[in-house]
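S.K.: No sequence on hand, only this structure:
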């Protein structure tokens, strides 16, 4: 049986319909597959967006943590710097106080030095006066000793002269010898006392110089030396520049 105006049989039409239905089914299946892939892509996109939001939140948290960490470290460093500054301020104050104390000590030492210089000059004047007086006394003692020695010689001559003549002469000679012994004892005693007094003055000066060496340094310091007096035994002192420290102190 043929359809009118088409020139095709129903069998051909049925075959074409089946083919078209088969193609439609294929396209429908492809469409469903495409819809399924689209749904999967949408779900994947949603998951990616969610993951992105989570990453943003995580990044924000990390940034906040980093800021807090830096802030905390900055606060710690600032506190440490402030403590260090306070320590330096305290050290500066201590150094200022120590410097002021040192300045006061220097001023006190300068005042004491001036006072010691005045005392030294006074002591030097006193010792010079005593040295001069002692030298004069020793000279007079030597003159007296020489005179007594002359008298002793004369007494010996007279004793020898009178001793050979009479009992009265021998008695007079004995008295002259006793007087001569007495005079010699007095001369020795005077010389001993003079030497002792001279040595005492010198020892006092030397002991004072040893106890306070700073007071006896400089161009006007006393210098210990032997006195070129008649006895050649007096230890005196003169004023002059000391070339080396006092050796009487055992230094």
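M.R.: Perfect, thanks for sending it. Being a predicted model, the structure only gives us computed values, none of them experimental.

S.K.: all helices for the chain, in order.
M.R.: Here the chain has its helices, by DSSP state H, at 10-163, 167-211.

S.K.: helices and strands around the first one, which ones?
M.R.: When contacts are defined as 3 or more Cβ pairs under 8 Å, 6 or more residues apart in numbering; DSSP states H and E, helix 10-163 packs onto helix 167-211, strand 235-239. No exception for glycine: its C-beta is placed from N, CA and C like everyone else's.

S.K.: weakest of these by average pLDDT?
M.R.: Note on the helices and strands packed on helix 10-163: strand 235-239 shows the lowest mean pLDDT, a mean of 41.

S.K.: rewinding a little: kindly report which one of the helices of the chain carries the lowest mean pLDDT.
M.R.: Ranked by mean pLDDT, the helices of the chain end with helix 167-211 at the bottom, a mean of 64.

S.K.: Determine which stretch of the helices of the chain is the most buried.
M.R.: Compared across the helices of the chain, helix 167-211 shows the largest average neighbour count, a mean of 15 (mean count of other Cβ atoms under 10 Å).
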